[in-house]
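[1] Please work out how this folds:
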Amino acid sequence: MTDTLDDLAVEGTTVGVRVDINSPISDDGTLADDARLRAHVDTLSELLDRGGRVAVLAHQGRPGGDDFVSLESHADRLSELLGQPVDYVDVTFSSAAREIVGDLTNGDCVVLENTRFYSEEYMEFEPERAAQTHLVKGLAPVLDAYVNDAFAAAHRSQPSLVGFPTVLPGYAGRVMESELDVLGSIEETPEPRVYVLGGAKVNDSIDVAWSVLEKGLADHVLTAGVVGNVFLIADGVDLGDASSDFIYDQGYWDEIDRAADLLDAYGEHVALPRDVAVERNGERHEIGVNALPPKNDEAAMDIGSSTLAYYERILEDAGTVILNGPAGVFEEAAFEQGTRQLYEAATDVETSIVGGGDTASALRRLGVEGFSHVSTGGGAALRMLTAEPLPAVTALENGPTQRQPADD
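    Okay, here's the model as predicted:
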């Protein structure tokens with residue numbers, strides 16, 4: 001059982017708070033979307049209102065990427081969202097960082113520099129080894145407690161996620177608490193349960209499908225996007241060179257055999273697209289599966305109207321729907337129809353859960369709302385839906401109740 005903010009005596013306590021505010025970045029290096037920051041406002045506001053001294057830990061981007069930038073603009077935006085000054089410092093665990101964190105007073109908040117500016121942070125360790133990294137050993141001495149609100153990164157075992165709760169009392173923030181409550185109790189949701197698996201994370205989606213069908217958690221699995229295309233090929237459909245080459249280039253060719261095995265074992269529970277949409281003469285053109293392959297180099301970009309009608313009939317009888325991944329290339333107006341209509345239909349189901357990550361971004365872009373729960377994490381949500389442990393959550397559960405002495 002994970003302790004939450006309800007279990008933390010906050011006033012006068014210096015708290016390291018790990019959040020996931022990894023966001024799209026504009027060409028000028030500033031934030032292009034603050035959705036992930038807004039998700040953590042409740043946790044941070046509560047800690048500050050209760051007299052906590054808050055040091056925010058977060059990452060942004062990956063080394064070499066255009067979005068691998070400092071957290072200065074994140075701190076500026078948090079100041080606006082929290083309605084109080086939020087300082088930013090360009091260090092994370094140095095003596096200067098310790099001095100700044102040690103000088104915080106009740107209700108103060110500081111954002112420390114991008115944890116991935118430190119090389120060990122984008123490596124993964126066992127918790128005990130993570131606790132010996134420079135980040136943890138450098139910063140932990142000036143912290144009294146650790147709060148993890150970064151559910152979206154909880155499937156990783158990096159120092160800021162598993163090292164701190166190995167030496168400090170650890171607590172789940174409000175985002176983490178909500179995610180664990182919802183995604184950890186899927187088996188208690190109304191039946192029938194329908195999983196909609198789309199997008200391009202084929203191996204993860206097949207893992208989910210196997211797991212939920214083997215455990216009897218899913219009555220139906222609806223496939224779409226690249227996932228649907230892989231299942232169509234596994235079922236003997238010729239999607240043409242363009243779609244097949246894309247699947248091969250993405251390294252998903254071996255997944256076709258896994259999809260075929262799944263169809264052999266649970267085919268009556270797995271729904272495949274009945275038609276696809278391609279671009280022909282600059283316009284959307286729908287082709288029934290029996291009429292494939294398409295002409296020339298046309299790629300399957302979306303599910304078609306017949307598939308939508310078929311899937312919507314299944315959703316009408318559902319008690320719970322879990323959605324992960326868009327149905328097609330929703331970024332192009334001609335191919336947003338499948339994602340928009342499928343997800344709008346899901347909002348009418350009694351319990352509707354969105355698996356976060358790219359899916360949540362797609363829904364924000366399309367303006368689709370009305371779900372019971374929208375997860376902040378893609379990979380972490382998938383891990384929970386397959387009953388796989390999340391290293392960051394396990395570290396919280398197994399951590400100490402008091403701050404451990406420094407190991408010199």
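[2] Give me the buried positions along stretch 279-286.
    Residues of stretch 279-286 classed as buried by neighbour count (16 or more other C-beta atoms under 10 Å): Glu279, Arg284, His285, Glu286. Just so you know, the C-beta spots here come from the backbone N, C-alpha and C atoms, and that holds for glycine as well.
[3] what's the distance between Ser178 and Asn114?
    Going from Ser178 to Asn114 by C-beta to C-beta, to the nearest Å gives 26 Å.
[4] picking up where we left off before, between the buried residues of stretch 279-286, which sits nearest Arg174?
    Arg284 (41.9 Å; C-beta to C-beta).
[5] Skipping adjacent residues, who's closest to that closest one in space?
    In space, and not counting its chain neighbours, Arg284 is closest to Ala334: 4.3 Å by C-beta to C-beta, 6 or more residues apart in numbering.
[6] got the buried residues of stretch 279-286 as a markdown table, with pLDDT and secondary structure columns?
    Formatted as a markdown table, the buried residues of stretch 279-286 follow (pLDDT from 0 to 100; DSSP: H, G, I helix; E, B strand; the rest coil):
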| residue | pLDDT | secondary structure |
| --- | --- | --- |
| Glu279 | 93 | strand |
| Arg284 | 96 | strand |
| His285 | 95 | strand |
| Glu286 | 97 | strand |
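[7] which stretches of the stretch 51-200 of the chain form helices?
    Secondary structure of the stretch 51-200 of the chain (DSSP state H, counting those that start in this stretch): helices located at 72-82, 95-102, 127-130, 134-139, 164-167, 174-183.
[8] how about the strands in the stretch 251-400 of the chain?
    Along the stretch 251-400 of the chain, counting by DSSP state E, counting those that start in this stretch, strands occupy 270-271, 275-280, 283-288, 302-303, 320-324, 351-354, 373-374.
[9] For Lys215, which of the ones you listed is the nearest?
    strand 320-324 (13.2 Å).
[10] Sheet-wise, list the partners of the closest one with their directions.
    With DSSP bridges as the test, strand 320-324 is paired with strand 193-197 (parallel), strand 351-354 (parallel).
[11] got the contact list for the longest one?
    Around strand 193-197, the neighbours that count as contacts under C-beta atoms under 8 Å, 6 or more residues apart in numbering are 186, 205, 208-209, 212, 217-224, 227, 311, 314-315, 318-325, 342, 346, 349.
[12] Looking at the buried residues of stretch 279-286, point me to the pair that's furthest apart.
    Greatest spacing in the buried residues of stretch 279-286, by C-beta to C-beta: Glu279 and Glu286 (11.2 Å).
[13] in the helix or strand of the chain with the lowest mean pLDDT, what's buried?
    When each helix and strand of the chain is scored by mean pLDDT, DSSP states H and E, helix 358-366 comes last, with a mean of 83. Neighbour counts over helix 358-366 (16+ other C-beta under 10 Å) mark Asp358, Thr359, Ala360, Ser361, Ala362, Leu363 as buried.
[14] Looking at these, which is nearest Val167?
    Ala360 (32.8 Å).
[15] ok, now how distant is that closest one from Asn324?
    Ala360 is 10 Å from Asn324, where distance means C-beta to C-beta.
[16] Need the overlap of contacts for the two.
    Val354.
[17] Give me the pLDDT value at Thr376.
    pLDDT recorded at Thr376 is 88.
[18] which residues touch the residue lying closest to it once chain neighbours are set aside?
    Among residues not flanking Thr376 along the chain, Ala152 sits closest, at 4.8 Å (C-beta to C-beta, 6+ apart). The contact partners of Ala152, by C-beta under 8 Å, 6+ apart, come to Asp20, Asn22, Arg36, Gly356, Gly357, Thr376, Gly377, Gly378, Gly379, Ala380.
[19] Kindly recompute the last result at 7 Å.
    The contact partners of Ala152, by C-beta atoms under 7 Å, 6 or more residues apart in numbering, come to Asp20, Gly356, Thr376, Gly377, Ala380.
[20] can you list the strands paired with strand 320-324 in TSV and add distance to Val270?
    What follows is the strands paired with strand 320-324, written out as TSV (distance: least, C-beta to C-beta, whole Å):
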stretch	distance to Val270
strand 193-197	9
strand 351-354	19
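[21] just these: most buried one?
    Most buried of those, by mean neighbour count (mean count of other C-beta atoms under 10 Å): strand 193-197, with a mean of 27.
[22] now the angle from that strand to helix 358-366?
    In terms of direction (axes from the mean of the first three to the mean of the last three C-alpha atoms, to 10 degrees), strand 193-197 departs from helix 358-366 by 80 degrees.
[23] what's the domain layout of the chain?
    5-179+390-398, 191-349 (automatic domain parsing).
[24] Can I get the ones you listed in TSV including distance to Gly370?
    What follows is the domains of the chain, written out as TSV (distance: least, C-beta to C-beta, whole Å):
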stretch	distance to Gly370
domain 5-179+390-398	17
domain 191-349	4
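[25] Identify whichever of those lies nearest to Glu369.
    Among these, domain 191-349 sits nearest to Glu369 (C-beta to C-beta), with 7.5 Å.
[26] mind checking the end-to-end distance for that closest one?
    11 Å (C-alpha to C-alpha, to the nearest Å).
[27] Quick one: residues in contact with stretch 115-123.
    Contacts to stretch 115-123, defined as C-beta under 7 Å, 6+ apart, come from residues Leu57, Ala58, His59, Arg62, Pro63, Thr92, Thr133, His134, Leu135, Gln158, Pro159, Ser160.
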